[in-house]
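Colleague: Model the following, please.
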Amino acid sequence: MIYPVIDIEATGQNIRRLREQKGISVRELSQFLGLADVQAIYKWQRGETLPSTDNLVALSKFLDTPMDQILILRQES
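Modeller: From the prediction side, this is the model:
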C-alpha cells in the first residue's frame, strides 16, 4: 500500500477553481476565514502552502464542498 501524499499544487489549483465556480472573491473568503489579509489564500492557490485544518474545515463549509474533494492526492506512477 502506498502512503497517501497531498499534491499541494493541484490542491491549490482546485481551491482556486472551486472558489471561482462559486463566484467568491479572495477578499470574501479571507473575511469569512477571519484572516488579516488575502496573502494566505494566494499562497494556497499557488501551491506554496496548505490551509490549516481549521481553515480547511471552514473552507469546506463555505464552498459547500467535502474536504476530500478539496484536497488532491499525488498520483504515483
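Colleague: drop to CA atoms for contacts and neighbour counts, all remaining ones
Modeller: Will do.
Colleague: With just CA atoms, put whatever helix or strand residue 58 lives in into PDB.
Modeller: Residue 58 belongs to helix 53-63 when elements are defined using DSSP states H and E. Coordinates of the C-alpha atoms in helix 53-63 are reproduced here as PDB (Å, rounded to 0.1, in the frame of the first residue of the first chain):
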ATOM      1  CA  THR A  53      -7.000  22.000   9.500                       C
ATOM      2  CA  ASP A  54      -9.300  24.700  11.000                       C
ATOM      3  CA  ASN A  55      -9.200  26.700   7.800                       C
ATOM      4  CA  LEU A  56      -9.800  23.600   5.700                       C
ATOM      5  CA  VAL A  57     -12.900  22.700   7.700                       C
ATOM      6  CA  ALA A  58     -14.200  26.300   7.300                       C
ATOM      7  CA  LEU A  59     -13.300  26.400   3.600                       C
ATOM      8  CA  SER A  60     -15.200  23.100   3.100                       C
ATOM      9  CA  LYS A  61     -18.300  24.700   4.700                       C
ATOM     10  CA  PHE A  62     -18.000  28.000   2.900                       C
ATOM     11  CA  LEU A  63     -17.600  26.300  -0.500                       C
END
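Colleague: Which positions in it come out as buried?
Modeller: Neighbour-count burial for helix 53-63, with 16 or more other C-alpha atoms under 10 Å as criterion, is recorded at 56, 58-60, 63.
Colleague: what is the rounded mean pLDDT of that helix?
Modeller: Averaged across helix 53-63, pLDDT comes to 96.
Colleague: Same question for stretch 29-48.
Modeller: 96.
Colleague: Check the secondary structure at the residue nearest to the spatial centre of the chain for me.
Modeller: A centroid search over the chain (C-alpha atoms, centre = their mean) returns residue 15, at 4.0 Å, as the residue closest to the centre. Each residue gets one of three states, and residue 15 gets helix by DSSP: H, G, I helix; E, B strand; the rest coil.
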